[in-house]
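# Next come a sequence and a model predicted from it.
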There are 2 protein chains.
Amino acid sequence: MEQNQELKKAGLKVTLPRIKILEILQAPANQHISAEDVYKILLEQGEEIGLATVYRVLNQFDDAGLLDRHHFEGGKSVFEMGQKKHHDHLVCLKCGKVIEFEDDLIEKRQIEVAEKNNIKLTHHSLYLYGVCQPSCEDR
Amino acid sequence: MEQNQELKKAGLKVTLPRIKILEILQAPANQHISAEDVYKILLEQGEEIGLATVYRVLNQFDDAGLLDRHHFEGGKSVFEMGQKKHHDHLVCLKCGKVIEFEDDLIEKRQIEVAEKNNIKLTHHSLYLYGVCQPSCEDR
DNA sequence: AACAATTTGAATTTGTTTCTCAATTACCAC
DNA sequence: GTGGTAATTGAGAAACAAATTCAAATTGTT
C-alpha cells in the first residue's frame, strides 16, 4: 500500500476516507480538482464519505505539505498533489483547461522585486488567464 | 462635481450611494479596501446605505473598468481605483501592508509564456507574499 | 480483546457575496 | 417644472464555499 506510507509519514492515521481521497488526487486525470469534485467522485464510487470529511482531509493534506491549494479566478479552491517542482498556471477562461509552466526568469525577477522592497519573500501566486488559441477562440 | 462625470461616463446614473462609495474609494487612505470596509466607513459617516448596495455598486464599478478587484490570500475581495498604470502587488503576511510594483520584464515574459502555450492572454494575477524586512520580521 | 485518542458523518454555523421584490429615485421629454 | 418610465435602492432571504460541533465509530497500540 503505497498510500499508507504517505499518510503515516504525514502523521495521519490510515483511514478509508483518507486513502480514497489520496487515490483520487493521485489519478492523472484529477490534477487541479475542487473539494466538491472530489466529493462527487466519491459518490460515484459508492463511498459514503461526507463533504465535511473531504474538506477536513484536504486541509490536513495541505498542512502536511502533500498538496498545493490554488485559487483560480471565480470561485472555489482547487487542489493538486504537490510532488512536483514549483510551477505556475495558465488557465483558459472558456474551457477551464489548466496548463502548468515554469519560468526561471520570472521567478528570479520576483525575488529581486521583493528584495528591492525589503520584503522577505515566502511564496507567490501567479495565474495567467486567457483563451485557448485554436480551440476556444471563436466559440 | 468631479464624481458625477465619472459615473455618467460609465453609463451609471448619479445616485448618492454611488457618489459616496466613489469618494471613499478615491481617498488615498483607502487603496485596497474590502466591501465590508467600505460599508463600515459608510456607517461611520452616518449614511444609510445597505451592504447589498455596496456589493452591487462595486461590481458595477468593476464592470465599468473604474476599479480593479484583487483576491489577496485568505478571503475577501479587495478593491482599488484603477486610474493608474497596471501593476502587481507585494503583501506582508504579518502587518497586511500592500506595496505596488511593476516589472516590465515579468510582464513581457508572461506574454511569451502564453504565446508559447497557444493562449491569447487577457489578464493575469500576480501576488508576492512575504514579511516586511525590518519592521515585521522579528515580531 | 481492550483502551485512549483520533476520526468520522450529519447537521449546524460561519462568512462572503448575490438575489428578490416592493418602494423609491434619477433622468428624459414635454 | 411635471409626469412617466426605467433604473436603483434597502432589507431580508438565499446561495455558496468552507469550518465547526458533537456523539458515534474507528484506529493503532497495548
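That came through, no problem. Residues are numbered from 1 along each chain as shown, chains lettered A, B, ... in the order given.
# tell me which parts of chain A are close to chain B?
Applying CB under 8 Å from any CB of the partner chain, we find that chain A lies next to chain B at A:71, A:73, A:90, A:92-93, A:99, A:101, A:103, A:105-106, A:109-110, A:113-114, A:117-134, A:137. C-beta here means a position set from N, CA and C on the backbone, and glycine is covered the same way.
# Out of those, which sit inside strands?
A:90, A:92, A:99, A:101, A:119-132 (DSSP state E).
# Can I have the buried ones of those as a PyMOL selection?
Per 16 or more other CB atoms under 10 Å in any protein chain shown, the buried members of those correspond to this PyMOL selection:
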select buried, chain A and resi 90+92+99+101+119+121+124+125+126+127+128+129+130+131+132
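# For chain A, list the residue farthest from the centre, please.
Checked against the mean C-alpha position of chain A, the extreme residue using CA atoms, centre = their mean is A:Lys116, at a distance of 30.2 Å.
# show me the contacts for that residue.
For A:Lys116, no contacting residues are found, by CB atoms under 8 Å, 6 or more residues apart in numbering or on different chains.
# if you set the cut-off to 10 Å instead, what comes out?
Applying CB atoms under 10 Å, 6 or more residues apart in numbering or on different chains to A:Lys116 gives the contacts B:90, B:99, B:101, B:103.
# And stretch A:35-54, end to end?
Distance between the two ends of stretch A:35-54: 6 Å, counting by CA to CA, to the nearest Å.
# Quick check: buried residues in that stretch?
A:35, A:37-39, A:41-42, A:49, A:53-54.
# what does that stretch contact?
Residues outside stretch A:35-54 that contact it (CB under 10 Å, 6+ apart): A:15-18, A:20-21, A:23-25, A:27, A:29-30, A:33-34, A:55-59, A:69, A:75-79.
# filter the buried residues of stretch A:35-54 by proximity to DNA strand C?
With CB under 7 Å from any atom of the strand as the criterion, the buried residues of stretch A:35-54 include A:49, A:53 near DNA strand C.
# Specify which member of the buried residues of stretch A:35-54 is nearest to DNA strand C.
Among those, A:Thr53 lies closest to DNA strand C (CB to the nearest atom of the strand), at 3.0 Å.
# how much distance is there from the helix or strand containing the closest one to the middle of the chain?
Using DSSP states H and E, the element containing A:Thr53 is helix A:51-63. Relative to the centre of its chain, helix A:51-63 is centred 13 Å away, using CA atoms, centre = their mean, to the nearest Å.
# And for A:Pro17, the neighbour number?
16 (other CB atoms under 10 Å in any protein chain shown).
# Go ahead and confirm it touches A:Tyr55.
No: the pair A:Pro17 / A:Tyr55 is not scored as a contact, 11.3 Å apart, by CB atoms under 10 Å.
# Take the contacts of stretch A:35-54 and keep only those in helices.
Counting by DSSP state H, the contacts of stretch A:35-54 place A:16-18, A:20-21, A:23-25, A:55-59 in helices.
# top of these by neighbour count?
A:Ile21 (27 neighbours).
# show me what contacts A:Ile106?
Neighbour list for A:Ile106: A:88, A:124, A:126, B:103, B:105-110, B:112-113, B:126 [criterion: CB under 10 Å, 6+ apart].
# Next: A:Asp88.
Taking CB under 10 Å, 6+ apart, one finds A:70, A:99-103, A:106-107, A:124-128, B:110, B:113, B:124, B:126 in contact with A:Asp88.
# And it, how far from A:Glu107?
The gap separating A:Asp88 from A:Glu107 is 9 Å, by CB to CB, to the nearest Å.
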